[in-house]
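K.L.:
No letters, just coordinates:
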């Protein structure tokens, strides 16, 4: 018996070095990845130490779960856990390369989009990425080698508990130091970069899971009293319409052109002495066009869907995932529903799958009468297809008869796709050369932007030839950045200046054009964001919005507050920028003086409160408890888009 115990102890001692090696390799790999693959803005010795320390606690804790398995299964479980953590780390690295953000649990529910993302994902994978899994191969090789032949010896629970205790002690020590450096780290979690920087990738994943569970339970626990606070806030912050513009487009058709990945720096930009967007540039000086040059996107992980969500509802997108995916069945009081009571027919045109971003479902909740997706575009060749659907020129061409068939007045939205990462285009379709920065995404960006500009000009010509132009307001907006801050080194060559935090914030500007026949145009320097589009358009159409719950305000109103809050809690205004919890003077680029901090902090509190209220409204589905006077609630069951396909293919 004594001999057997000695043998078991000897065999178990063979597993311990393997376990220690696994913990060490995962710790180092995660630290190096966090240090080199993510832009976490680590400052000072304490933050450097925390970045080094934070993978250790979670690596030790999660890998120690293998110690509970009996016999040879502990080897298999060690490898499986190690592989799972490695895959999670690598997936976040790839995701971060384009989105400058981390995967959240709600984004995993967006798997219905993955089939359309293949080419973009492939572009983000680099030849050296195999290095992320070299350690997995080493661990697997050691496990299957004869040196670590399979034994049946087991660890007793009392032997495992000290390992778990040490792992938890390291994690709590990590958290205490993090809270000391950034108080309320976990309660002010708008910016995922901070969570990863202070607590590490794996603890962030745990935090995200808990937060997602909390938000998912909000609807079940919500009651009608909760909407009162939101309503009181939006009413008290409502901006009265500008009398000069209120009703200026009353009775007109509305066409939204969703400009995929357009950023304001493209306007009037010349590449090798040639305008990249000559038609859009011409509209800036057009007598019937209002152009806003300080208009910012406010999207988060939902990107395009976040932009749509804001312009239709004047509600913020969610801090993680996409409301289009997770809140598709909510009650909304969106633009199509508001205008339905004014006699408008509504439609969306999109040359991609109707299920992408769950559009075929959430559009019903918005009250869209028609949704013309890829099934409505039948006369297509291979050359007409982009990675995300129909190329813009054939898209507009084939949409023309569908648009003309709609009863007037109509409210419509066209979602373009040609100017989308990774900005690939058949060179036979290009009319301008590439950039020369050496960064493929940046260099290709100009060619697809020129193509989209030509397609927009084509659309305006179609409106003229159809006779619709004189009675149609065209609103064009950029949905989100096209070039993320991961490409700032190349963008410094494009802009011929250093990309400071202030300049990076300014790169989040996207173009906004509002073309109204007969209304005096011009360039408007007002600071605003996508959250402000709905009340602006409604007032132009002569619709009073004061009884609706909307977090934006009319860009043309004298009462519009020029404060643009981003989803991570940062903000911009004409006098103050908040970037990464640092306040800047946008003119000098320097930190604010002590005397200016009071107003800066008030703006920060206001923005955070708005984000909180909007999240409570969306997560709790609170609009089901409130119906404005004169508004007819939407029943999604009344809508079916199959008939649009049938009509388009007859």
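P.N.:
Received it, and whenever you're ready, just let me know what you need. Note that this is a predicted model, so its numbers are computed, not measured.
K.L.:
Now the terminal residues of stretch 244-252, how far apart.
P.N.:
17 Å (C-alpha to C-alpha, to the nearest Å).
K.L.:
Using the three-state scheme, assign residue 66.
P.N.:
Using DSSP: H, G, I helix; E, B strand; the rest coil, the structure places residue 66 in helix.
K.L.:
Actually, residue 411.
P.N.:
Under the three-state scheme (three-state DSSP), residue 411 adopts strand.
K.L.:
Which stretches in the stretch 501-650 of the chain count as strands?
P.N.:
The residue ranges that make up the strands of the stretch 501-650 of the chain, judged by DSSP state E, counting those that start in this stretch, are 512-515, 522-524, 528-529, 564-565, 571-572, 577-579, 582-584.
K.L.:
I'd like to know which of these lies nearest to residue 625.
P.N.:
Closest approach to residue 625 among these is made by strand 564-565 (25.0 Å; C-beta to C-beta). Every C-beta, even on glycine, is put in place using the N, C-alpha and C of the backbone.
K.L.:
Can you list the strands that the closest one pairs with?
P.N.:
Using DSSP bridges, the neighbouring strands of strand 564-565 in the sheet come out as strand 571-572 (antiparallel).
K.L.:
And the average pLDDT for the strand it pairs with is what?
P.N.:
Per-region confidence: strand 571-572 scores 98 on mean pLDDT.
K.L.:
If the residue nearest to residue 592 when sequence neighbours are not counted is in a bridge, with which residues?
P.N.:
Computed as C-beta to C-beta, 6 or more residues apart in numbering, the closest residue to residue 592 that is not its neighbour in sequence is residue 583, at 4.3 Å. The residues listed as beta-bridge partners of residue 583 by DSSP bridges are residue 578.
K.L.:
Redo the strands of the stretch 501-650 of the chain as JSON lines? Include distance to residue 295 and mean neighbour count.
P.N.:
Converted to JSON lines, the strands of the stretch 501-650 of the chain look like this (distance: least, C-beta to C-beta, whole Å; neighbours: other C-beta atoms under 10 Å):
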{"stretch": "strand 512-515", "distance to residue 295": "4", "mean neighbour count": "24"}
{"stretch": "strand 522-524", "distance to residue 295": "9", "mean neighbour count": "13"}
{"stretch": "strand 528-529", "distance to residue 295": "5", "mean neighbour count": "26"}
{"stretch": "strand 564-565", "distance to residue 295": "9", "mean neighbour count": "26"}
{"stretch": "strand 571-572", "distance to residue 295": "11", "mean neighbour count": "26"}
{"stretch": "strand 577-579", "distance to residue 295": "16", "mean neighbour count": "21"}
{"stretch": "strand 582-584", "distance to residue 295": "20", "mean neighbour count": "18"}
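K.L.:
nearest to residue 556, of those?
P.N.:
Between residue 556 and the strands of the stretch 501-650 of the chain, the shortest gap by C-beta to C-beta is with strand 522-524, which sits at 7.7 Å.
K.L.:
Not counting its own residues, what contacts the closest one?
P.N.:
Contact with strand 522-524 is made by 284, 290, 291, 292, 293, 555, 556, as judged by C-beta atoms under 8 Å, 6 or more residues apart in numbering.
K.L.:
mind redoing it with 10 Å?
P.N.:
When contacts are defined by C-beta atoms under 10 Å, 6 or more residues apart in numbering, strand 522-524 is touched by residues 284-287, 289-295, 512, 514, 555-556.
K.L.:
How about stretch 578-590?
P.N.:
Under C-beta under 10 Å, 6+ apart, the answer for stretch 578-590 is 41, 43, 182, 188, 191, 193-194, 498, 500-506, 565-566, 568-577, 591-593, 596-597, 599-601, 603-604, 607.
K.L.:
what's the spacing between the residue lying closest to residue 295 once chain neighbours are set aside and residue 260?
P.N.:
Using C-beta to C-beta, 6+ apart and skipping the chain neighbours, the partner closest in space to residue 295 is residue 512 (4.0 Å). When distances are taken as C-beta to C-beta, to the nearest Å, residue 512 and residue 260 turn out to be 15 Å apart.
K.L.:
all strands of the stretch 151-300 of the chain, in order?
P.N.:
Listed from the start of the chain, the stretch 151-300 of the chain has strands (DSSP E, counting those that start in this stretch) covering 253-259, 270-271, 274-275, 289-292, 295-296.
K.L.:
mind checking which of those strands is nearest residue 520?
P.N.:
Ranking these by their distance to residue 520 (criterion: C-beta to C-beta) puts strand 289-292 first, at 8.7 Å.
K.L.:
Now that closest one: average pLDDT?
P.N.:
98.
K.L.:
same deal with stretch 102-115?
P.N.:
For stretch 102-115, mean pLDDT rounds to 62.
K.L.:
Please report the number of neighbouring residues for the residue nearest to residue 440 when sequence neighbours are not counted.
P.N.:
Once its chain neighbours are removed from consideration, residue 440 has its nearest residue in residue 422; the separation is 7.3 Å (C-beta to C-beta, 6+ apart). If you count neighbours by other C-beta atoms under 10 Å, residue 422 ends up with 17.
K.L.:
For residue 422, grab phi and psi.
P.N.:
When quoted as degrees, to the nearest 10, the phi and psi of residue 422 stand at phi -90, psi 20.
K.L.:
And it, how far from residue 122?
P.N.:
9 Å.
K.L.:
Kindly report the same for residue 454.
P.N.:
Taking C-beta to C-beta as the measure, residue 454 falls 27 Å from residue 122.
K.L.:
Looking only at neighbour counts, state which of the two leads.
P.N.:
Neighbour comparison, residue 454 and residue 122: the larger count goes to residue 454, with 19 against 9 (by other C-beta under 10 Å).
K.L.:
distance between the helix or strand hosting the more buried one and the chain's centre?
P.N.:
Assigning secondary structure by DSSP states H and E places residue 454 in helix 440-466. Distance, stretch centre to chain centre, for helix 440-466: 24 Å (C-alpha atoms, centre = their mean, to the nearest Å).
K.L.:
Okay, buried residues for stretch 419-433 please.
P.N.:
Buried residues in stretch 419-433, defined by neighbour count with 16 or more other C-beta atoms under 10 Å: 419, 420, 421, 422, 423, 424, 425, 432.
K.L.:
quick one: average confidence on that stretch?
P.N.:
Rounded mean pLDDT across stretch 419-433 is 93.
K.L.:
re earlier: what would the strands of the stretch 151-300 of the chain look like in CSV with mean neighbour count and distance to residue 329?
P.N.:
Below are the strands of the stretch 151-300 of the chain laid out as CSV (neighbours: other C-beta atoms under 10 Å; distance: least, C-beta to C-beta, whole Å):
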stretch, mean neighbour count, distance to residue 329
strand 253-259, 23, 23
strand 270-271, 14, 45
strand 274-275, 16, 45
strand 289-292, 24, 33
strand 295-296, 26, 30
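K.L.:
Pipe these into a markdown table and attach distance to residue 331 per row.
P.N.:
Formatted as a markdown table, the entries for the strands of the stretch 151-300 of the chain read as follows, by distance: least, C-beta to C-beta, whole Å:
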| stretch | distance to residue 331 |
| --- | --- |
| strand 253-259 | 22 |
| strand 270-271 | 47 |
| strand 274-275 | 45 |
| strand 289-292 | 31 |
| strand 295-296 | 28 |
